[in-house]
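**Student:** let's see this in three dimensions:
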Amino acid sequence: MSKASSPSIFRELIRLGKFRLGVSVVFSSIAGYLLGYQEFSWADILLLTSGGLLVVAASNAFNQIYEVKQDGLMNRTKNRPLPAGTLTIRQAYYSAVLALLIGLVLLYSINTMSAFFGGLSVLLYALIYTPLKAKTSLAVFVGAFPGAIPYMLGWVAARNDFDIETGTLFAQQFFWQFPHFWAIAWFSFDDYKRAGYNLLPSGAKNRASQIFIVVYTFCMIIVGVLPAFGITGDLTLSSQGALLVAVLGAWVLVNAFKLFKSGEDRIARKLMLSSIGYLTGMQLIYVIDRFI
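**Tutor:** Numbering: from 1, shown residues only. Sure, this is the predicted structure:
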């Protein structure tokens, strides 16, 4: 590859850290902050955003360092920087360590608890979820724990406590991940199989996995409207907001039932996309609902 056509290291580091994914994760954290703050602080928002992006980037980098061989076997990941050879393992490792350290310092500048949960998410994702993926489909359950931290992290940054509110935010993003990632595991089943991964709950594209997807979608909707019943402390939701969240949830549920009926990969893709729409829409509804 000529120097003229070689990608810049900076651009490849951005790809290694999955910047677009990081933005969506930080969006959840900011939503959690806006729901929890009592005295708004632009400084905390900036620290939460920059620290969150760096911690997420570090998690993604460690994940790809560990899975470089598997990534090279799958169509969806073979062009990532490490299997493509546009970054070396050493470059990725040192960049990940630096991003993690700076990210945790920034989160610590908000409060100790924010840094703790930020660090915990990296440990769970990189040291437990990542190596577990090749061994059992239960990895999705394990991975849902670090994946659910960003939303509650925003509240922690705003309040510096962990109570029923943070637990509810955690549960909302925790249950959301199952229909989302199982949909991906469904339409990527053959691609994952090339790398030795099988992440569907039953280990196969069968009726049992379809039932799991439907059941967990129901759970996602239930925890999504739970604050409307006045049992989640300072985290509240109006009846109108709950109705809107339920409508979004019904959109996901319809696609879950369609997948249950047809088992088609194209329906699984629709389920995945609708789940993204649900999470973003739900968080926006909660934030808007607080201020009207």
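
**Student:** Gly230 and Thr236 touch, don't they?
**Tutor:** Yes: using Cβ atoms under 8 Å, Gly230 is in contact with Thr236, at 7.0 Å. All C-beta spots, glycine's among them, are computed from the backbone N, C-alpha and C.

**Student:** quick one, which of these two is more surrounded?
**Tutor:** Using other Cβ atoms under 10 Å as the criterion, Gly230 and Thr236 rank with Thr236 on top: 17 against 9.

**Student:** ok, the more buried one to Met220 distance?
**Tutor:** Separation of Thr236 from Met220 (Cβ to Cβ, to the nearest Å): 19 Å.

**Student:** then Ser188?
**Tutor:** With Cβ to Cβ as the criterion, Ser188 and Met220 are 21 Å apart.

**Student:** so which of these two has more stuff around it?
**Tutor:** When Ser188 and Met220 are compared on other Cβ under 10 Å, the one with more neighbours turns out to be Met220, at 27 against 20.

**Student:** pLDDT value on that one, please?
**Tutor:** Met220 carries a pLDDT value of 98.

**Student:** now swap in Met1 and tell me
**Tutor:** 43.

**Student:** residue numbering should commence at 4 henceforth.
**Tutor:** In the new count, where the first residue is 4, that last one comes out as Met4.

**Student:** next, the buried residues of whichever strand or helix holds Arg93.
**Tutor:** Taking DSSP states H and E as the definition, Arg93 sits inside helix 92-113. For helix 92-113, burial by neighbour count (16 or more other Cβ atoms under 10 Å) applies to 94-95, 98-99, 102-103, 106-107, 109-111, 113.

**Student:** what would the residues you listed look like in a markdown table with pLDDT?
**Tutor:** Output for the buried residues of helix 92-113, formatted as a markdown table (pLDDT from 0 to 100):
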| residue | pLDDT |
| --- | --- |
| Gln94 | 95 |
| Ala95 | 96 |
| Ser98 | 97 |
| Ala99 | 97 |
| Ala102 | 97 |
| Leu103 | 98 |
| Gly106 | 98 |
| Leu107 | 98 |
| Leu109 | 98 |
| Leu110 | 98 |
| Tyr111 | 98 |
| Ile113 | 98 |
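
**Student:** perfect, I'm done here.
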